[in-house]
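A.B. asks: Fold the stuff below for me.
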Amino acid sequence: MNREILVIAIGIALGMLFFHRTGLSPGGIISPGILALHMNTFHAFAWTLAFSLFIFFLLEIAVRIFGLYGRQRTALSLLLAALTALLALGRLPLDPLWLGWVVPGLVASDIQRQGLLPTVSALLSLAGVTFLAGGLLP
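C.D. replies: Numbers count the residues shown, from 1 in each chain. Modelled structure (predicted):
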């Protein structure tokens, strides 16, 4: 079986368990697993978090102007991340699909909903645990 798929599945399972126990979302259901796969490349990891914060600030302005919530907020977050990634194509050292816009969009949406510190701390702790658990795989 593909190791990357197993790491993402571990991240999903740990994220669901964490959400059930604490009520905090780790920045999207796939974010801990995807970040765990890229945890050994610090620049990609750091750029993803920085890009998430940038999208959060854009999203915060849009939410205040248009009063979006729920799926509309998440969809706008992903759309902003996709458009920003297209504008920055080739300029950011990120995977063009997952780390480039999907993970930052999901993380930004959760930051806007539940706050910066709870989201980032949940994301970092779950990505770390997922990375360690993935290291135990053959």
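A.B. asks: For the closest residue to Phe56 other than its chain neighbours, give me its contacts.
C.D. replies: Using CB to CB, 6 or more residues apart in numbering and skipping residues adjacent in sequence, the residue nearest Phe56 is Ala108, 4.1 Å away. From N, CA and C alone the C-beta is placed, and that goes for glycine too. By CB atoms under 8 Å, 6 or more residues apart in numbering, the residues touching Ala108 are 52-53, 55-56, 58-59, 77, 80-81.
A.B. asks: Also Trp101?
C.D. replies: Per CB under 8 Å, 6+ apart, neighbours of Trp101: 78, 81-82, 84-85.
A.B. asks: Neighbour-wise, give me the winner out of the residues you listed.
C.D. replies: With neighbours taken as other CB atoms under 10 Å, the top of the contacts of Trp101 is Ala81, carrying 26 neighbours.
A.B. asks: unless I'm mixing things up, that one is touching Leu53, no?
C.D. replies: No - using CB atoms under 8 Å as the test, Ala81 is too far from Leu53 to be in contact (11.6 Å).
A.B. asks: got the contact list for Trp98?
C.D. replies: 30, 34.
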